[in-house]
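Novice: Structural data only, the sequence is not supplied:
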């Protein structure tokens, strides 16, 4: 009998550890390949870890609530065969070559296998190590694997799906994957840490242990402040036209689309347009290298009922119309409240928007969501007296206004760009068409 080491797989960008929340299998139970063995919480999102092989669970190396690093062995599964392995890739079958044409096809397949780029989970698709190994062994590139229909949980591709796909793939030409760009990284300089002054609790004080999510948020916030040179620009926008337009159309919108039209998708649309106008705000900094993002993926900071914060991401936000943006905002917000977000729902953001006005704040100085270089805080909409300029002269009127606070990384974004960007958002909001149809 062979012993297979089940390791904690990489679940998404920047996820380095996970907390075990429950074991779905007990020692001695039989497990099938791609069957969930345990549940974990990874950087605010719950997920499952599937088995890569068929066998029997013989060891559980961690308990519930233990923190495990990506790549660590979390369980041992006994399988048919001999040896002790962490990953066993499917064996390649040798096919007899009978004609020159068949030999040419075989050489193409072998060449494709050699240059196929590493498979990674992306978007709404998570690939288990078993599926990745099968794809690698068969010379299946990322683009091709993304087209394989999945029948597992949340559309996950299973071993059976791969076997079914491979049966009908034989006559299809294999395309070589493009070389993968090398990641440039610069080691961070070690800085001495200052020891925090001890806090003394009296007998009447209540001591509360921070939650796992609270610890993660605290770590991310401190890390961001230590990484980026935060600078803020503030601007006030007149959103009277938007206020009146939404009031006029929201009932019909609800009847037609079955969705509540809030201000958030309207603001998100304006931010996406401004990012398209100023693409150097849609970047990240890696060492001394600037990475200019092709896609505009907007993070939408959302407060949870327990007081914690999560940032689901609207992918390709600039390609959505207002109806699509509304549906995306409501879907992500709803699943965030119900704790049903998947790991990829919070990955890949290129710029973040946070609505501090929800709690009555008129402005704020938000902390950048690394590795992005900017975040926009939307203040509360207030009815205020304002000077209105007309061809016949100026007069005082009641207008709906809001402040926007733009925090940006002064290492790569200067004051001119930071100010121009938030001014562009203001201009899009103030130029709202009161007769717009959706």
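Specialist: The structure has been received and is ready for your questions. What you see is a predicted model, and the numbers here were worked out from it, not measured in a lab.

Novice: quick one: residue 370 is in a strand?
Specialist: No: assigned with DSSP: H, G, I helix; E, B strand; the rest coil, residue 370 falls outside any strand and is coil.

Novice: Quick check: it touching residue 223?
Specialist: Yes: using CB atoms under 8 Å, residue 370 makes contact with residue 223 at a distance of 6.5 Å. Every C-beta, even on glycine, is put in place using the N, C-alpha and C of the backbone.

Novice: higher neighbour count, those two?
Specialist: residue 370 (17 against 12; other CB atoms under 10 Å).

Novice: Spatially, and excluding backbone neighbours, which residue is closest to that one.
Specialist: Computed as CB to CB, 6 or more residues apart in numbering, the closest residue to residue 370 that is not its neighbour in sequence is residue 224, at 5.0 Å.

Novice: do residue 362 as well
Specialist: Distance criterion CB to CB, 6+ apart; nearest residue to residue 362, sequence neighbours excluded, is residue 379 at 4.4 Å.

Novice: Next, work out how far apart that neighbour and residue 130 are.
Specialist: 49 Å (CB to CB, to the nearest Å).

Novice: Over to residue 142?
Specialist: Distance, residue 142 to residue 130, by CB to CB: 16 Å.

Novice: okay, the two: which has more neighbours?
Specialist: It is residue 130, of residue 142 and residue 130, that has more neighbours when counted by other CB under 10 Å, with 22 against 17.

Novice: In three-state terms, how would the more buried one be classified?
Specialist: Assigned with three-state DSSP, residue 130 falls in the helix class.

Novice: What about the closest residue to it other than its chain neighbours, how many residues nearby?
Specialist: Closest residue to residue 130 apart from its sequence neighbours, by CB to CB, 6+ apart: residue 52 at 4.0 Å. If you count neighbours by other CB under 10 Å, residue 52 ends up with 27.

Novice: Likewise for residue 332?
Specialist: 21.

Novice: Would you check that it makes contact with residue 315?
Specialist: No: using CB under 8 Å, residue 332 is not in contact with residue 315; the gap is 10.2 Å.

Novice: Please settle this for me: is the residue nearest to residue 370 part of a strand?
Specialist: No: assigned with three-state DSSP, residue 224 falls outside any strand and is helix.

Novice: you'd agree it is up against residue 369?
Specialist: Yes: look at residue 224 against residue 369 with CB under 8 Å: they come within range, at 7.2 Å.

Novice: Correct me if wrong, but residue 33 is in a strand.
Specialist: No: assigned with three-state DSSP, residue 33 falls outside any strand and is coil.

Novice: Check the spacing between it and residue 219 real quick.
Specialist: 35 Å.

Novice: higher neighbour count, the two?
Specialist: residue 33 (18 against 10).

Novice: For the more buried one, give me phi and psi.
Specialist: Phi and psi for residue 33, reported as degrees, to the nearest 10, are phi -60, psi 140.

Novice: Repeat that for the one 5 residues further on.
Specialist: Reported as degrees, to the nearest 10, the phi and psi values for residue 38 are phi -150, psi 160.

Novice: Now residue 6. Nearest residue, chain neighbours left out?
Specialist: Nearest to residue 6 is residue 75, by CB to CB, 6+ apart, at 4.4 Å.

Novice: quick one: the one you found is in a strand?
Specialist: Yes: applying three-state DSSP, one finds residue 75 inside a strand.

Novice: and it, how far is that from residue 37?
Specialist: Separation of residue 75 from residue 37 (CB to CB) stands at 6 Å.

Novice: who's in contact with the helix or strand harbouring residue 220?
Specialist: Per DSSP states H and E, residue 220 falls inside helix 212-227. Residues outside helix 212-227 that contact it (CB atoms under 8 Å, 6 or more residues apart in numbering): 19, 41, 43-44, 67, 210, 308-309, 367-370.

Novice: would you turn these into TSV with distance to residue 392 and secondary structure?
Specialist: Shown next, in TSV, are the contacts of helix 212-227 (distance: CB to CB, whole Å; DSSP: H, G, I helix; E, B strand; the rest coil):
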residue	distance to residue 392	secondary structure
19	65	strand
41	62	strand
43	58	coil
44	55	coil
67	68	strand
210	60	coil
308	53	coil
309	48	strand
367	46	coil
368	45	coil
369	47	coil
370	51	coil
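
Novice: Could you export these as a markdown table, including distance to residue 354 and pLDDT?
Specialist: Below are these laid out as a markdown table (distance: CB to CB, whole Å; pLDDT from 0 to 100):
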| residue | distance to residue 354 | pLDDT |
| --- | --- | --- |
| 19 | 26 | 87 |
| 41 | 23 | 81 |
| 43 | 18 | 62 |
| 44 | 15 | 56 |
| 67 | 28 | 88 |
| 210 | 22 | 85 |
| 308 | 14 | 80 |
| 309 | 9 | 83 |
| 367 | 10 | 96 |
| 368 | 11 | 96 |
| 369 | 9 | 94 |
| 370 | 15 | 93 |
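
Novice: Please convert the residues you listed to TSV, extending it with distance to residue 200.
Specialist: As requested, the contacts of helix 212-227 are arranged in TSV below (distance: CB to CB, whole Å):
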residue	distance to residue 200
19	30
41	32
43	33
44	32
67	28
210	18
308	27
309	29
367	29
368	34
369	34
370	33
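
Novice: follow-up on the earlier one: give me the number of residues near the residue nearest to residue 370?
Specialist: Residue 224: 19 neighbours (other CB under 10 Å).

Novice: all helices of this structure, in order?
Specialist: Remark: helices assigned in the chain by DSSP state H are 100-115, 129-137, 142-145, 159-167, 212-227, 240-257, 264-277, 322-337, 415-430.

Novice: Quick one: closest of these to residue 27.
Specialist: helix 129-137 (21.5 Å; CB to CB).

Novice: which helices and strands sit right next to that closest one?
Specialist: For helix 129-137, the elements it packs on are helix 159-167, judged by 3 or more CB pairs under 8 Å, 6 or more residues apart in numbering; DSSP states H and E.

Novice: could you redo the last one with a cut-off of 10 Å?
Specialist: For helix 129-137, the packing partners by 3 or more CB pairs under 10 Å, 6 or more residues apart in numbering; DSSP states H and E come out as strand 45-50, helix 142-145, helix 159-167.

Novice: Show the secondary-structure elements that the shortest one is packed against.
Specialist: In other words, helix 142-145. helix 129-137, helix 159-167.

Novice: what comes up buried for the last one?
Specialist: In this case it means helix 159-167. Neighbour counts over helix 159-167 (16 or more other CB atoms under 10 Å) mark 159, 161-162, 165 as buried.

Novice: Output the below-cut-off pLDDT ranges for the stretch 151-300 of the chain.
Specialist: Where the stretch 151-300 of the chain drops to pLDDT under 70, the residues are 153-154, 170-197.

Novice: again, only this time at 80
Specialist: Along the stretch 151-300 of the chain, segments meeting pLDDT under 80 span 151-156, 159-160, 169-203, 212-213.
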